[in-house]
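K.L.:
structural data only, the sequence is not supplied:
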């Protein structure tokens, strides 16, 4: 650790990098050496400045189509940063463990028991995998399943050790949300294609689509970011910044509605219902309806309901609904073939390709639209049950924490994290981002908020302080 403080060490590393860079243009092995050197330098940098890696993850986490591509290797930059950061954190944690300054224990791995049960179900599902797909399924267990848990739950939970880092992470995500809002506005003014239905969609940046092209990919992120923006609004004392956070949260809400994503609308509606039930109740609602705000919301809802009616009856949406029904039908068919263990983890798309009627009708193989049907088809009842139990356990822990602090200032923080997690889970009942950072980074941050508040009900025999 003292070596990292030595300026001569960093000077030597920089000179070695420049020298290797010169050779990398003429020799392939030198290029590989350069990549390895950069990898080591980033690990060393993140050991000292761990929170910077976390802020990078918080900003890049939705950009799964922004990838590092070289020959047969393609890795999203967010996963690349997360892997380097995890190695740096692990080296530092093991060092502190050996020095007895901070011992690692199971409390540093929240939800490990349910995660282990789900991984066990995935391993058992390998019994039903064809021999030529076994290596692919094993790789699928390692990444994304184990990978998402370690990178997006364990990392933030262990790196964020005070509220300053926590709120800085939320501020980075707020900046991200504002940038995505501007993307949505731009797509409304200058639509990238004529689909007959103008909506907020991801756009290209210098010819790349870092977020993808589907409107749901934009709504998926806003569902998680909107409650985080309201947390910043609730916690901020400065009036100017408070107004900035409120305007930002309302802008993200508006763009989410303008994506015309039904899953996005449903997730926000569920969040709003939970907010009303938990925070306002009957007495609070009477006071709330005494103001002009609910009537203003009602005026805004009327055109939205009309737009929803038009959307549901459009040819595009009808075709999308039929496609999803067919995917559900395929998932249930696969489940019936192996109801206990499923057809094998990561095999849904390869199984779908064998249904010729689907290929002839839709032409493109898609993954299961819902973590429920994904796990039922690939891991059977055992996998679907353990994965759902993991999510339910996390939601229960956050809800239990909220009940404990519902009459304190901390309640707004825990409530906001609860809305983020529930809204994202609701969305992934209809989406495909269930094994990505889009779902698991909000969960990791929610569990971190419990730890910092001394309310970590996922840990045993350990007291966390603020």
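P.N.:
Nice, thanks for sending it over. Everything numeric in this text was worked out from a predicted model, so none of it was measured. Numbers count the residues shown, from 1 in each chain.
K.L.:
assumed residue 231 was part of a strand.
P.N.:
No. Judged by DSSP: H, G, I helix; E, B strand; the rest coil, residue 231 forms no part of a strand; its state is helix.
K.L.:
burial measure for it, as a count.
P.N.:
Neighbour count for residue 231, taken as other C-beta atoms under 10 Å: 25. For glycine as for every other residue, the C-beta is placed from the backbone atoms N, C-alpha and C.
K.L.:
quick one: pLDDT of the closest residue to it other than its chain neighbours?
P.N.:
Spatial nearest neighbour of residue 231, excluding adjacent residues (C-beta to C-beta, 6 or more residues apart in numbering): residue 416 at 3.7 Å. Looking at residue 416, its pLDDT is 95.
K.L.:
before we move on, what about the one 5 residues further on?
P.N.:
Here the pLDDT value assigned to residue 421 is 97.
K.L.:
what's the spacing between it and residue 224?
P.N.:
8 Å (C-beta to C-beta, to the nearest Å).
K.L.:
what's the answer for residue 82, then?
P.N.:
Taken as C-beta to C-beta, the span from residue 82 to residue 224 is 17 Å.
K.L.:
on that earlier part again, what helix or strand does the residue nearest to residue 231 sit in?
P.N.:
Under the criterion of DSSP states H and E, residue 416 resides in helix 410-428.
K.L.:
what's the first helix or strand after that helix?
P.N.:
That would be, after helix 410-428 and using DSSP H and E, helix 437-452.
K.L.:
show the average pLDDT along that next one.
P.N.:
The model assigns helix 437-452 a mean pLDDT of 95.
K.L.:
where does the stretch 151-300 of the chain dip in pLDDT?
P.N.:
193-197, 280-300 (pLDDT under 70).
K.L.:
just the helices in it please.
P.N.:
Taking DSSP state H, counting those that start in this stretch as the test, the helices found in the stretch 151-300 of the chain are 155-159, 163-189, 215-235, 239-258, 262-275, 281-288, 293-312.
K.L.:
from the contact counts, what lies against the fifth one?
P.N.:
Think helix 262-275. helix 215-235, helix 239-258, helix 293-312, helix 410-428 (3 or more C-beta pairs under 8 Å, 6 or more residues apart in numbering; DSSP states H and E).
K.L.:
also compute the angle for that helix relative to helix 410-428, please.
P.N.:
For helix 262-275 against helix 410-428, the angle by axes from the mean of the first three to the mean of the last three C-alpha atoms, to 10 degrees is 150 degrees.
K.L.:
ok, the fourth one next?
P.N.:
Orientation note: helix 239-258 sits at an angle of 20 degrees relative to helix 410-428 (the same axes, to 10 degrees).
K.L.:
buried set for helix 239-258?
P.N.:
Neighbour counts over helix 239-258 (16 or more other C-beta atoms under 10 Å) mark 244-246, 248-249, 251-253, 255-258 as buried.
K.L.:
measure the nearest residue to residue 258 once chain neighbours are set aside to residue 81 for me?
P.N.:
Nearest residue to residue 258, sequence neighbours excluded (C-beta to C-beta, 6+ apart): residue 200, at 4.3 Å. To residue 81, residue 200 is 27 Å away according to C-beta to C-beta.
K.L.:
in terms of neighbours, single out the busier of those two.
P.N.:
residue 200 (26 against 22).
K.L.:
how close does that one get to residue 190?
P.N.:
12 Å.
K.L.:
from what I can see residue 258 touches residue 199, true?
P.N.:
Yes. Here residue 258 reaches residue 199: they are 6.2 Å apart, a contact under C-beta atoms under 8 Å.
K.L.:
overlap of the contact sets of these two?
P.N.:
Residues touching both residue 258 and residue 199 by C-beta atoms under 8 Å, 6 or more residues apart in numbering: residue 188.
K.L.:
give me the buried positions along the longest helix along the chain.
P.N.:
The residue-count maximum for a helix in the chain (DSSP state H) belongs to helix 371-405. Buried residues in helix 371-405, counted by 16+ other C-beta under 10 Å: 371-388, 390-391, 393-395, 397-399, 401-402, 404-405.
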